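# Turn this into a model:
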Amino acid sequence: MHIRRFTCTLLFSAAVAAPIASDETSDSLSQLDDLLSQARSTQEDILDDRAASNEKRSQTCTIQNLTIRRAWGALSQDERKAYTSAVLCLQSLPAKTPTNLVPGVRSRYDDFVATHINQTLNIHYSGTFLAWHRWFTWTYEQALKNECGYTGSQPYWNWGLYAKDPASSPIFDGGEYSMSGNGEYIAGKGPLTLTLGDYPPVYLPPGTGGGCVTSGPFKDMQVNLGPVSLPLNDGTVITGSGLEYNPRCLKRDISAGVNSAYANATSIVELILKQNNIADFQLTMQGVPGSGSIGVHGGGHYTIGGDPGSDVFTSPGDPVFYLHHGMIDLVWWTWQILDYKNRRNAIAGTGTFLNSPPSPSTTLDDIIDLGYAGGGPITMRELMSVNDGPFCYTYI
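Predicted structure coming up:
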């Protein structure tokens, strides 16, 4: 893998600029709720129209059999426990990835991390970014169900609800029914420095942790893969292949400053309403290089921080990754369905990170293959709607 050309760390943006102050008003959160309600209503109309017209595909996805994905805080304690228990189960199952390909894999959970590592430079700032992660998150959800007996659905993390204090949210409060808490506090950390090519760096405020996670279901979790490109608060970056066996604790550095600046309710609403084409939508979501913004995508990842959360390649090594990408998918779904006719199959970009090296434009016939993570090869065309292909789900 040729990663060193990206110098320090991230595929999430650059340029020295002050973060936009958060505007976590009740109006922003209410507007977001209204957008989600509108999206759900439109989805129901689409499925009703299909059923009325007797379309063949309406028989596979209907209002009656939609899987409902809900926010973590909306789950009961038993439902949260069932989810974290299934994740722990996946971490206890043997890997399917051969160790001659990825020497560091030790669990079924690691299969997903290894796939993300190997494909990172083709699935960010590329034409497949959104669809690839939709398929990746759904395939992970199916593994929890089919291999660990999970009967629920993939929850999501609504960044806007907890932007001012994510560490005390039901996701990160460290209780038995959380996704585990913050890392142990490490004093004296400077800003987290993100660089991308020749663009000026972005400096992110440090969080209130930094060390090993010591509470909640994943307090004893072992991270096996990485790092590949892990930024540190002293401005340095730890690099490697990411594929060797490197056992260590799960670390987090939860940052309210990052959450409030880049993944607040206002930023979500503006992303959905102000970006009128897929190229601008997905680029703004990830952070326009040179703009100083890391987008809501980077905002969620760097709210978590730590190791492996701050490493673009190995970020699925933190189980909150899938709640974060559930929200990424929710935002895309909402944006799509507000102009479904024109946005359902809208794609833009090429097959490589910021088209480096230059590659052909992504098409609906391009194949996505998650390898040993599972799911099998599938076309982009089949991944463009949550009502079609292998999918049949909604968000509430």
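# Would you map the helices across the stretch 251-396 of the chain?
With DSSP state H, counting those that start in this stretch as the criterion, the stretch 251-396 of the chain has helices at 256-262, 265-274, 278-286, 295-304, 321-337, 340-343.
# With distance to Asn65 and mean neighbour count as added columns, please give the ones you listed in TSV.
Quick note: C-beta positions are derived from backbone N, CA and C, even for glycine. Putting the helices of the stretch 251-396 of the chain into TSV (distance: least, Cβ to Cβ, whole Å; neighbours: other Cβ atoms under 10 Å) gives the following:
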stretch	distance to Asn65	mean neighbour count
helix 256-262	35	24
helix 265-274	27	20
helix 278-286	28	20
helix 295-304	30	27
helix 321-337	17	24
helix 340-343	20	13
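# do you know which of those helices lies nearest Asn233?
helix 295-304 (11.6 Å; Cβ to Cβ).
# what separates stretch 250-269 from the chain centre, distance-wise?
13 Å (Cα atoms, centre = their mean, to the nearest Å).
# Likewise for stretch 281-294?
Offset of stretch 281-294 from its chain centre (Cα atoms, centre = their mean): 15 Å.
# where in the protein is pLDDT low?
1-25, 55-59 (pLDDT under 70).
# ranges for the strands of it?
Under the criterion DSSP state E, the chain contains strands at 67-69, 183-185, 192-196, 199-204, 210-213, 222-223, 229-231, 237-239, 248-249, 367-368, 378-379, 393-395.
# Out of these, which is the most enclosed?
Compared across the strands of the chain, strand 229-231 shows the largest average neighbour count, a mean of 24 (mean count of other Cβ atoms under 10 Å).
# What is that strand packed up against?
Identification of packing neighbours for strand 229-231 by 3 or more Cβ pairs under 8 Å, 6 or more residues apart in numbering; DSSP states H and E yields strand 192-196, strand 237-239.
# Sheet partners, orientation included, of that strand?
The pairing partners recorded for strand 229-231 under DSSP bridges are strand 237-239 (antiparallel).
# Report the spatially nearest residue to Gly309, omitting neighbours in sequence.
Counting by Cβ to Cβ, 6 or more residues apart in numbering, Gly309 lies nearest to Asp318, which is 4.4 Å off, once chain neighbours are set aside.
# any idea how far that neighbour lies from Asp110?
13 Å (Cβ to Cβ, to the nearest Å).
# can you check Leu161 too?
Between Leu161 and Asp110 the computed distance is 31 Å (Cβ to Cβ).
# Specify which residue of the two has the higher count of neighbours.
Asp110 (28 against 19; other Cβ atoms under 10 Å).
# Would you check that the more buried one makes contact with Gly226?
No. In this structure Asp110 lies outside contact range of Gly226 using Cβ atoms under 8 Å: 10.4 Å.
# ok, now how distant is Leu204 from Phe112?
26 Å.
# And the helices in the stretch 51-200 of the chain, which stretches?
For the stretch 51-200 of the chain, the helices defined by DSSP H, counting those that start in this stretch occupy 77-92, 108-123, 129-148.
# and of those, who's closest to Cys212?
helix 77-92 (16.4 Å).
# Which positions in that closest one come out as buried?
For helix 77-92, a neighbour-count test (16 or more other Cβ atoms under 10 Å) marks Glu79, Arg80, Ala82, Tyr83, Thr84, Ala86, Val87, Leu88, Cys89, Leu90, Gln91 as buried.
# now these in TSV, with distance to Gly242?
Converted to TSV, those look like this (distance: Cβ to Cβ, whole Å):
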residue	distance to Gly242
Glu79	33
Arg80	30
Ala82	31
Tyr83	26
Thr84	25
Ala86	25
Val87	21
Leu88	23
Cys89	24
Leu90	20
Gln91	18
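# and which of those residues is nearest to Ala346?
Tyr83 (31.8 Å).
# which ones are touching the closest one?
Neighbour list for Tyr83: Leu75, Leu144, Tyr150, Gly152, Pro155 [criterion: Cβ atoms under 8 Å, 6 or more residues apart in numbering].
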